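> just the structure for this:
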Amino acid sequence: MVNLLAGFESPDSGQIMLEGVAVSGPSKDRLVVFQETALMPWLNTYQNVTFGPKLRGDMPANSLKEAADRIIDTVGLREFKDKYPLQLSGGMQRRAELARALINQPLVMIMDEPFRGLDAMTRQLMQEFYLRLCEEEARTNVFVTSELEEAIFLADSLVVLSNRPTTVREVIQIDLPRPRNLNMLSSPRHTTTNVMRWKCCMKRRLRVSVDRYGIRFS
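Here you go, the predicted structure:
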């Protein structure tokens with residue numbers, strides 16, 4: 001799904017449309033933040049963030065510097081803009097990658113399990129940081145995750161996918177109010193919603209797994 005949305009692959013049938021235009025290949029309008037860090041280790045934070053616009057040559061030098069300084073400040077890396085990826089923590093690397101994507105002003109941000117591999121505390125802090133960023137920046141966000149709690153905390157709509165061949169099993173609207181914060185994770189409303197969705201999703205996953213081995217149950 002990520003490859004299709006990003007334009008890395010073409011659908012077997014039909015089209016993916018963005019603002020009335022068919023997706024035919026990669027574009028700065030649809031950017032992906034992957035599971036593994038894609039920062040270039042020989043470039044510092046500032047150089048990584050400005051790499052895309054410099055390569056395309058579509059931003060004047062003064063405008064690029066202003067945009068980079070603003071984005072780096074937004075993600076809280078002002079004091080680390082001269083540091084190289086190996087000098088940054090896992091959470092800082094994730095923020096640097098967000099800055100590198102955001103400077104291109106994409107219409108759609110595609111997040112492919114970006115917080116996977118982070119420790120629990122850093123992951124929660126990154127979830128809240130990303131949520132705040134989404135509320136400040138008006139754009140479409142597609143967030144891929146296997147963590148149900150993360151999906152419920154971040155999403156307005158939760159799309160549950162089946163095992164292969166992948167189909168959409170259900171679209172669930174998340175009714176948690178905004179703005180959201182980490183304290184909501186322990187609220188009765190969130191806990192109840194989480195448990196109900198977990199049971200729903202696990203029931204479907206179990207049924208799919210059993211069906212694959214030819215066993216049926218009513």
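
> now Ser146: closest residue in space, sequence neighbours ignored.
Spatial nearest neighbour of Ser146, chain neighbours left out: Glu113 (6.9 Å); criterion: CB to CB, 6 or more residues apart in numbering. Just so you know, the C-beta spots here come from the backbone N, C-alpha and C atoms, and that holds for glycine as well.

> quick check: pLDDT value at the one you found.
Looking at Glu113, its pLDDT reads 90.

> count the residues that sit near it.
For Glu113, the count of nearby residues is 17 (other CB atoms under 10 Å).

> what of Gly7?
Applying other CB under 10 Å, we find 18 residues neighbouring Gly7.

> look up how far Leu125 lies from it.
The gap separating Gly7 from Leu125 is 31 Å, by CB to CB, to the nearest Å.

> wait, doesn't the residue nearest to Ser146 sit right on Val144?
Yes. Using CB atoms under 8 Å, Glu113 makes contact with Val144 at a distance of 5.6 Å.

> how about stretch 141-149: buried residues?
Neighbour counts using 16 or more other CB atoms under 10 Å place 141-145, 148-149 of stretch 141-149 among the buried residues.

> quick check, nearest of those residues to Trp42?
Val144 (28.7 Å; CB to CB).

> check contacts around that closest one.
Val144 sits next to 1-2, 110-113 when contact means CB atoms under 8 Å, 6 or more residues apart in numbering.

> who does it form a beta bridge with?
Going by DSSP bridges, Val144 is paired in beta bridges with Asp112.

> and the gap between it and Ala99?
Separation of Val144 from Ala99 (CB to CB) stands at 20 Å.

> just to revisit the earlier point, can you list the contacts of Val144 in a markdown table and add distance to Leu31?
Putting the contacts of Val144 into a markdown table (distance: CB to CB, whole Å) gives the following:
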| residue | distance to Leu31 |
| --- | --- |
| Met1 | 15 |
| Val2 | 11 |
| Ile110 | 7 |
| Met111 | 10 |
| Asp112 | 11 |
| Glu113 | 15 |
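
> could I get stretch 45-63 in CSV with only the CA atoms?
Taking Å, rounded to 0.1, in the frame of the first residue of the first chain, the C-alpha atoms of stretch 45-63 are listed here in CSV:
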residue,chain,number,x,y,z
THR,A,45,21.1,17.5,10.2
TYR,A,46,20.9,20.8,8.3
GLN,A,47,22.4,19.2,5.1
ASN,A,48,20.0,16.2,5.3
VAL,A,49,17.0,18.5,5.7
THR,A,50,18.0,20.6,2.7
PHE,A,51,19.2,17.8,0.5
GLY,A,52,16.0,17.4,-1.5
PRO,A,53,15.3,21.0,-2.4
LYS,A,54,19.0,21.5,-3.2
LEU,A,55,19.0,18.5,-5.5
ARG,A,56,15.9,19.8,-7.4
GLY,A,57,17.1,23.4,-7.4
ASP,A,58,13.5,24.6,-6.9
MET,A,59,14.1,27.0,-3.9
PRO,A,60,16.3,30.1,-3.8
ALA,A,61,19.1,29.9,-1.3
ASN,A,62,17.7,32.5,1.1
SER,A,63,14.3,30.9,1.0
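
> all set, thanks.
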